[in-house]
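Colleague: Based on what follows, work out the 3D shape:
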Amino acid sequence: MPLIRIPQVVELDVLPPFDGLQLDQIVTPETPEAFSQARDELLGWPQVGFDTESKPTFKVGEVSTGPHLIQFASPEKAYLFKVGSDGCSEAVSAVLQSDRVLKVGFGLSSDRSRLRNRLHIEMRHFIDLGTTLRYQGKKGQVGLRGAVATVLGMRVSKSRSVSTSNWSNRSLTDAQRLYAANDAYAALRVFLALGNDAERGLQDRIVPAKRLDS
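Modeller: Model (predicted):
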């Protein structure tokens, strides 16, 4: 299967900050009608960024009840879908199982497992950039921060206090919304920066064209 080799940027602090989405570009549907509108907008794009967030577990043996939030991003907006809201599951299923829209993300193995186990949704037509990108001369997956640094020449700031916050809260803070939205948006930006022929050249990396876990 084709891989894309990229150099590793070590000094991330010298890079300019990632120019992510702002709060007025983040949509959080609350009603079935709003979820339907978000679904239709997302299905109108050839590729969308994707990620999920779950309430963290801290105790030994504690089982995650996530995902609690599902994020999609187009080049213009991010959509934060709160799991359990009326209309959420139907909208998520329509986007994740569409063969017309390529879902793009990093480290999607755990996201897929949680979607399957909790929502009974099996993702289709997606690519995991974490397993597609590789550092030159190194093994192992490339994370979002490293990819943004190399491909976009920017620095993504990851707040541990936000990443480990309670994503099951009914109302999210502005910091949570920005964090979640830009995880999905940054993944899409990296993919689009790989070039116009990236999707065609990486057909063998797209599931279910070939199963990456088989």
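
Colleague: Strands of the chain, residue ranges please.
Modeller: Ranges of strands in the chain, per DSSP state E, are 4-6, 26-27, 47-53, 69-73, 78-82, 102-105, 126-128, 133-135.

Colleague: Could you list the residues in contact with stretch 52-71?
Modeller: Residues outside stretch 52-71 that contact it (CB atoms under 8 Å, 6 or more residues apart in numbering): 49-51, 78-84, 88, 92, 111, 114-115, 118-119, 164-168, 172, 180-181, 183-184. Backbone N, C-alpha and C define where each C-beta goes, glycine included.

Colleague: Just those residues: which are in helices?
Modeller: Among those, the members falling in helices are 88, 92, 111, 114, 180-181, 183-184 (criterion: DSSP state H).

Colleague: Grab the two from those that are most spread out in space.
Modeller: Greatest spacing in these, by CB to CB: R114 and A181 (19.2 Å).

Colleague: neighbour count winner among these two?
Modeller: The neighbour comparison of R114 against A181 (other CB atoms under 10 Å) goes to A181, with 27 against 20.

Colleague: pLDDT score for the more buried one?
Modeller: Note for A181: predicted pLDDT of 98.

Colleague: what's the nearest residue to it if we skip its chain neighbours?
Modeller: A78 (3.4 Å; CB to CB, 6 or more residues apart in numbering).

Colleague: cool, V104 as well?
Modeller: V104 sits nearest to F191 (CB to CB, 6+ apart), 4.5 Å away.

Colleague: need the contact list for the one you found.
Modeller: 47, 49, 104, 127, 129, 198.

Colleague: Neighbour count and pLDDT added to those residues, as CSV?
Modeller: As requested, the contacts of F191 are exported to CSV (neighbours: other CB atoms under 10 Å; pLDDT from 0 to 100):
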residue, neighbour count, pLDDT
Q47, 21, 97
G49, 28, 98
V104, 27, 97
I127, 25, 96
L129, 27, 96
A198, 20, 78
